[in-house]
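Participant: The sequence isn't on hand, but the structure is:
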């Protein structure tokens, strides 16, 4: 089947999986990326390999009209990790579907992975659903559900979601899309999780050791924030232990080289990888 792909490297395995299954790409819709948290080098390189058009701006109706004029309606618009709501594909393409990194209808929204870890979900998943007029609300075409360990971290969950998305692409979507499409099931009531804020990333040492470390794991390489006596820092790695003490939560009680030990409500957290928040950025972060 011919398909246009809209996304970045985050779920770029969907693009590769469909190519592996023999689908034919006709256009890549992507967006500018910062090269730190967001990347599109791989999907762009793949598009150049197949010599298909690349568009960095938002999909407009005129773009879909052009694809219909060139390819008729026998093609699919496949979205995975694309920030803009995509509408107007009906009547111009045979299929329009989105890959979302949650077991819908739970976890609608821009990036539910952080909260999945923070709230201690025992299982998670990826969903392929029909593109609808609202974000992540369309009928479910396929899902891949997998267990989560108690000590899951951001990078582990991200890898699991990427692998699950590719399994869906190469399996039920590539091999059975027309039948799956006809049997797609409405989601029903669900939950919308907004984008994480700096407050959501900030460590609260009054909450206890386990909660602090869970938040550190939840954000992983994206890093959390901590307020210390002498300013604010980004936290990339930490460990901790439970211990009765008389220190005020949030106070620095020990330093050794770059390691900091912070008092928590029911023990201590040792921060082993961190960096200071630049002055230019400190003013942006809410107090």
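Facilitator: Sure thing, it's come through. Remember, it's a predicted structure, so these values are computed and weren't measured experimentally.

Participant: So, low pLDDT: which residues of the protein?
Facilitator: Residue ranges of the chain with pLDDT under 70: 280-287.

Participant: The longest strand anywhere in it packs against which elements?
Facilitator: In the chain, taking DSSP state E as the definition, the longest strand is strand 231-242. For strand 231-242, the packing partners by 3 or more Cβ pairs under 8 Å, 6 or more residues apart in numbering; DSSP states H and E come out as helix 209-219, strand 224-228, strand 267-276. From N, CA and C alone the C-beta is placed, and that goes for glycine too.

Participant: who does the helix or strand that it is followed by pair up with?
Facilitator: On the C-terminal side of strand 231-242, the closest following helix or strand by DSSP states H and E is strand 252-256. Strand 252-256 has its sheet partners listed here by DSSP bridges as strand 259-264 (antiparallel).

Participant: ok, back up a step: buried ones in the longest strand of the chain?
Facilitator: 232, 233, 234, 235, 236, 238, 240 (16 or more other Cβ atoms under 10 Å).

Participant: tilt between that strand and helix 209-219?
Facilitator: Relative orientation of strand 231-242 versus helix 209-219 (axes from the mean of the first three to the mean of the last three Cα atoms, to 10 degrees): 120 degrees.

Participant: Break this protein into its domains for me.
Facilitator: Following the TED database, one finds the domains of the chain at 2-183, 198-283.

Participant: Just say which of those domains is most tucked in.
Facilitator: domain 2-183 (a mean of 18; mean count of other Cβ atoms under 10 Å).

Participant: now it, how far from the centre of its chain.
Facilitator: In terms of Cα atoms, centre = their mean, to the nearest Å, the centre of domain 2-183 is set 11 Å apart from its chain centre.

Participant: Quick check: end-to-end length of it?
Facilitator: 22 Å (Cα to Cα, to the nearest Å).

Participant: ditto for stretch 115-133
Facilitator: Rule used - Cα to Cα; the end-to-end distance of stretch 115-133 is 25 Å.

Participant: where do the strands sit along this protein?
Facilitator: Under DSSP E, the chain gives strands at 2-7, 24-29, 54-55, 75-80, 95-100, 123-130, 140-147, 224-228, 231-242, 252-256, 259-264, 267-276.

Participant: Kindly reformat these as CSV containing distance to residue 168.
Facilitator: Output for the strands of the chain, formatted as CSV (distance: least, Cβ to Cβ, whole Å):
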stretch, distance to residue 168
strand 2-7, 14
strand 24-29, 18
strand 54-55, 24
strand 75-80, 10
strand 95-100, 7
strand 123-130, 5
strand 140-147, 5
strand 224-228, 31
strand 231-242, 31
strand 252-256, 46
strand 259-264, 40
strand 267-276, 34
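
Participant: Now do the contacts for the residue nearest to residue 180 when sequence neighbours are not counted.
Facilitator: Nearest residue to residue 180, sequence neighbours excluded (Cβ to Cβ, 6 or more residues apart in numbering): residue 141, at 4.8 Å. Residues near residue 141 by Cβ atoms under 8 Å, 6 or more residues apart in numbering: 97, 128, 129, 130, 172, 173, 177, 180, 181, 184.

Participant: could you dump the domains of the chain to CSV with distance to residue 192?
Facilitator: CSV is the format used below for the domains of the chain (distance: least, Cβ to Cβ, whole Å):
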stretch, distance to residue 192
domain 2-183, 5
domain 198-283, 15
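
Participant: Figure out which of those is closest to residue 191.
Facilitator: Proximity to residue 191 (Cβ to Cβ) singles out domain 2-183 among the domains of the chain, at 5.6 Å.

Participant: Of all the strands of the chain, which one comes closest to residue 198?
Facilitator: Closest to residue 198 of the strands of the chain, according to Cβ to Cβ: strand 224-228, at 6.2 Å.

Participant: can you list contacts of that closest one?
Facilitator: Here strand 224-228 makes contact (Cβ under 8 Å, 6+ apart) with 198, 201-203, 215-216, 232-235, 250, 252, 260, 262, 271, 274, 277, 285.

Participant: What of stretch 162-181?
Facilitator: By Cβ under 8 Å, 6+ apart, stretch 162-181 touches 1, 10-11, 13-14, 16-18, 20-23, 76, 78, 80, 95, 97, 99, 101, 125-126, 128, 130, 141-144, 146.

Participant: same check, this time on stretch 203-222
Facilitator: Against stretch 203-222 from outside (Cβ under 8 Å, 6+ apart): 37, 113-115, 117-118, 120, 151-155, 158, 196, 201, 224-226, 235-242, 249-250, 262-269.
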